[in-house]
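Peer 1: Can you look at this prediction? I've put the sequence above it.
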Number of protein chains: 2
Amino acid sequence: MDGDPPGAAARMRDVARVAQVSAMTVSRALKDPERVSPEVRARVEEAVRRVGYVPNRLAGSLSSSRSNVIGLVVPSIDNSLFASTIQGISDVLRRHGHELMIASSGYGEAAEEAAIRAFLGQRVAGLILHDTTHSPEAVAMIRRAGIPVVENGTLTRQPLDMVVSYSNHDAAMAMTRHLLRLGYRRIGFVTLPLAANERSRDRRRGYAAALEEAGLPYDARLVLEVPPGLAAGVEALDRLLAGGGDPDAIFFAGDVLAIGAALECNRRGWPVPGRVAIAAFDNIDLLGHLVPPVTTLRLPRHEIGRRSAEVLLDRIEGRATGPLAVDLRFEIIHRAST
Amino acid sequence: MDGDPPGAAARMRDVARVAQVSAMTVSRALKDPERVSPEVRARVEEAVRRVGYVPNRLAGSLSSSRSNVIGLVVPSIDNSLFASTIQGISDVLRRHGHELMIASSGYGEAAEEAAIRAFLGQRVAGLILHDTTHSPEAVAMIRRAGIPVVENGTLTRQPLDMVVSYSNHDAAMAMTRHLLRLGYRRIGFVTLPLAANERSRDRRRGYAAALEEAGLPYDARLVLEVPPGLAAGVEALDRLLAGGGDPDAIFFAGDVLAIGAALECNRRGWPVPGRVAIAAFDNIDLLGHLVPPVTTLRLPRHEIGRRSAEVLLDRIEGRATGPLAVDLRFEIIHRAST
DNA sequence: CCGGGAGATGATACCGCTAACCTTTATTCG
DNA sequence: CGAATAAAGGTTAGCGGTATCATCTCCCGG
């Protein structure tokens, strides 16, 4: 504003000159105002305003070896389930003056490793990883960097460091039990690709565990692996009903599969649960508005984000140490579709 | 790997020592391998591997005053429409070795300003802003920083720098015309809060323009402002039908409002478009799967992200200069609901 | 046989900030 | 009243890279 030489951002020494103090005093006035006399503080603040000074955090972090950036790797940004978690993380970080860098791994370990490497290059203060399996090199890099990490895809048994999640195994088991309790005996199970991540595998184990507990056989004709998406839900519905397994209920363990299937039932005029019962895995708003509303699980997506950021900051700011597993529970929402 | 002193990340000089060259040569071998002899390059690469070196980009950026970080401010991360755009941005940036920082403004100029200030503090190489109105201080800071900016909420007439978007005005006008062409005469219009952003205002202007063009009056009883969300769509449906305006079609100009309304019609057993026609604004997958499938607009959400990142990188890497407006068109998807 | 340009590498001085230590000037109290 | 202590501010030396220029070798043509 004051005849700033355009093209060159104001530096601390410019502020210092205007305020007639040393650069160090400017630094203190901004970071630790208590340590500077009120008059000087006022002069500095005024000078900051006049020259339009925005502190260079690159220099600051380099000098103090302290960063205020957190790196987040999610399989995909374009997925409302992850988006809730991201929003939760973002909310907490902003309140604490931290920044968020995001990368998507596209469901692959190699891409995750590249993202982690890039983040470590930026000297992030901590990492949040959605996936719970990682390339050996990624693990080695994180170990070397010695920064805190939170994983939050599932309550994995072998966490890198901290985990904030819910048990996908227990959730799937609980829903399967719920269906069994309601009297369904031939329960179909539709899952996203099992090879992609531990979450899906946990869910299938949970489904199988509930069947076993009930003394029912695991029938491969009742289990289907499909890609994500509405259309895949429709396809799964068809294939399961035609597959000889004769399901009386179908548990769609992920994504929007259940929505696709439920709408397809509407379209065909099939009564639900008369023709077949439908249960979903995620508490997408919409499920409650369908006809009939669909039974599902309430998962703490947003809370996972919030707590992940919190435990990470606790570690970064020295309020906590060591591994930690936070189990944020789930809950069954029973509706008319079962 | 090699007896690395834990807790201390390897620096370039450590690599240099192992490779028996100067730090400068390491720098060159990594950034501009052509300028280093093959033997030395190999030694450096080997040394990098042995010490587990990850270049410190804070130091690099500080020294070269070149950053590879882009800042993005969206109103909300937790909204699938923005999420598509973010994914598009992220995809392009990753291919070019750039990083993405995200902040959400929560639909407020003050929060946007804070996010921009934080990003400028990180010395981002460029900014992408979803909103198209900004606080004067935000504008001043961006000007001072002299970095390229892309706005992408709507094809605003007074861009800060570059715009990549579609015309919300023209899109709403096109849909209203479409309804008029189909013979609807009492067209209701449901919008998100007009005060929140230019996009909503553009859409309402477009609606009004189409009516005027057709010689129809603007009837305030047919226009409703509601918060986002499925439930608000239901509420809007009720209020418009009871409001005395007697609509024969309703154009829901945003969010998931139309979905809420369409499902409510199902629930009540109302024929659509018999009782009332329904049109939506965004190409949410689901709209095509409802009964009946809902007429809507195909908006280039993902493409906006991709192109935004591309034009920004063009400027950052010196392949382009000056303002630029990219109009990514929209398209009407006519379905059975109208 | 020597001047000179190209190619490879090194030395040095920063980038903008903060940690750590130092000086100066009150302030306190035995 | 003087030594001890605190409060406020300054000085200096990096943080880990890169820009810039200098140096050294090698090879060429005249």
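Peer 2: Everything's here; your move.
Peer 1: From here on, just use CA atoms for contacts and neighbour counts.
Peer 2: Noted.
Peer 1: What about A:G244, how many residues nearby?
Peer 2: Number of residues near A:G244 (other Cα atoms under 10 Å in any protein chain shown) recorded here: 10.
Peer 1: list the contacts for it?
Peer 2: A:R221 (Cα atoms under 8 Å, 6 or more residues apart in numbering or on different chains).
Peer 1: Now do the SS call for it.
Peer 2: coil (DSSP: H, G, I helix; E, B strand; the rest coil).
Peer 1: pLDDT at it, what is it?
Peer 2: With respect to pLDDT, A:G244 scores 90.
Peer 1: how close does it get to A:F251?
Peer 2: The spacing between A:G244 and A:F251, counted by Cα to Cα, to the nearest Å, is 17 Å.
Peer 1: Then A:A138?
Peer 2: From A:A138 to A:F251 the distance is 35 Å (Cα to Cα).
Peer 1: and A:F189, that one's in a strand?
Peer 2: Yes: remark: A:F189 belongs to a strand, assigned using three-state DSSP.
Peer 1: separation between it and DNA strand D?
Peer 2: Distance from A:F189 to DNA strand D, counting by Cα to the nearest atom of the strand, to the nearest Å: 50 Å.
Peer 1: Wait, that residue touches A:G254, no?
Peer 2: No: between A:F189 and A:G254 there is no contact under Cα atoms under 8 Å: 10.3 Å.
Peer 1: Comparing the two, which shows the higher neighbour count?
Peer 2: Set side by side, A:F189 and A:G254 show more neighbours around A:F189, with 27 against 19, by other Cα under 10 Å.
Peer 1: Bridged to the more buried one, which residues?
Peer 2: When assigned by DSSP bridges, A:F189 has beta-bridge partners A:V223, A:F251.
Peer 1: Quick one: residues contacting it.
Peer 2: Each residue near A:F189 by Cα under 8 Å, 6+ apart is listed here: A:R204, A:Y207, A:L222, A:V223, A:L224, A:I250, A:F251, A:F252, A:A253.
Peer 1: just these now: which is nearest A:F281?
Peer 2: Nearest to A:F281 out of those is A:A253 (Cα to Cα; 5.0 Å).
Peer 1: does that closest one really touch A:G188, like I thought?
Peer 2: No: between A:A253 and A:G188 there is no contact under Cα under 8 Å: 10.2 Å.
Peer 1: So between the two, which is more surrounded?
Peer 2: In terms of neighbours (other Cα under 10 Å), A:G188 is the more surrounded of A:A253 and A:G188; the figures are 30 against 27.
Peer 1: Relative to B:L299, how far out is that one?
Peer 2: Counting by Cα to Cα, the gap from A:G188 to B:L299 is 37 Å.
Peer 1: same deal with A:S84?
Peer 2: For A:S84, the distance to B:L299 equals 23 Å [Cα to Cα].
Peer 1: now swap in A:H302 and tell me
Peer 2: Taken as Cα to Cα, the span from A:H302 to B:L299 is 28 Å.
Peer 1: before we move on, what about A:E45?
Peer 2: Applying Cα to Cα to A:E45 and B:L299 gives a distance of 46 Å.
Peer 1: How many residues are close by the residue lying closest to A:G288 once chain neighbours are set aside?
Peer 2: In space, and not counting its chain neighbours, A:G288 is closest to A:V294: 5.9 Å by Cα to Cα, 6 or more residues apart in numbering or on different chains. By the measure other Cα under 10 Å, the count of residues near A:V294 is 28.
Peer 1: Likewise for A:Q122?
Peer 2: For A:Q122, using other Cα under 10 Å, the count is 26.
Peer 1: go on, A:S80?
Peer 2: 20.
Peer 1: Could you pull up the contacting residues of the residue nearest to it when sequence neighbours are not counted?
Peer 2: Using Cα to Cα, 6+ apart and skipping residues adjacent in sequence, the residue nearest A:S80 is B:S80, 5.8 Å away. Residues in contact with B:S80 (Cα under 8 Å, 6+ apart) are A:D78, A:N79, A:S80, A:A83.
Peer 1: same check, this time on A:S104
Peer 2: A:V73, A:V74, A:P75, A:S76, A:I77, A:A111, A:E112, A:A115, B:S90.
Peer 1: show me the residues around A:T25 that make contact.
Peer 2: Contact analysis of A:T25 by Cα under 8 Å, 6+ apart lists A:A16, A:V36.
Peer 1: Tell me the spacing between it and A:A19.
Peer 2: For A:T25 relative to A:A19 (Cα to Cα), the value is 10 Å.
Peer 1: can you map out the strands along chain A?
Peer 2: Ranges of strands in chain A, per DSSP state E, are A:69-74, A:99-104, A:126-129, A:149-151, A:162-165, A:187-191, A:223-225, A:249-252, A:277-279, A:296-298, A:324-327, A:331-333.
Peer 1: For the third one, what does the pLDDT average out to?
Peer 2: I take that to be strand A:126-129. 98.
Peer 1: helices and strands around that strand, which ones?
Peer 2: Packing partners of strand A:126-129 (3 or more Cα pairs under 8 Å, 6 or more residues apart in numbering or on different chains; DSSP states H and E): strand A:69-74, strand A:149-151, helix A:301-316.
Peer 1: Report the spatially nearest residue to A:V18, omitting neighbours in sequence.
Peer 2: Distances taken as Cα to Cα, 6+ apart place A:A47 nearest to A:V18, at 5.8 Å, with adjacent residues excluded.
Peer 1: Wait, the one you found touches A:R11, no?
Peer 2: No: A:A47 is beyond contact range of A:R11, at 11.4 Å (criterion: Cα under 8 Å).
Peer 1: neighbour count winner among those two?
Peer 2: A:A47 (20 against 16).
Peer 1: Any figure for the gap between the more buried one and A:R17?
Peer 2: Taken as Cα to Cα, the span from A:A47 to A:R17 is 9 Å.
Peer 1: Kindly report the same for A:V164.
Peer 2: 48 Å.
Peer 1: which bits of the stretch 51-200 of chain A sit near DNA strand D?
Peer 2: A:A59, A:L62, A:S63, A:S64, A:S65 (Cα under 7 Å from any atom of the strand).
Peer 1: What pLDDT is listed against the first one?
Peer 2: Taken from the predicted model, the pLDDT recorded for A:A59 is 98.
Peer 1: Equivalent analysis for the third one, please.
Peer 2: A:S63 is assigned a predicted lDDT (pLDDT) of 97.
Peer 1: Now do the end-to-end distance for stretch A:212-224.
Peer 2: 18 Å.
Peer 1: no, scratch that, I was asking about stretch A:208-226
Peer 2: Length of stretch A:208-226, first residue to last, Cα to Cα: 18 Å.
Peer 1: which residues sit against it?
Peer 2: Under Cα under 8 Å, 6+ apart, the answer for stretch A:208-226 is A:173-174, A:176-177, A:180, A:185-194, A:232-233, A:236, A:240, A:243-247.
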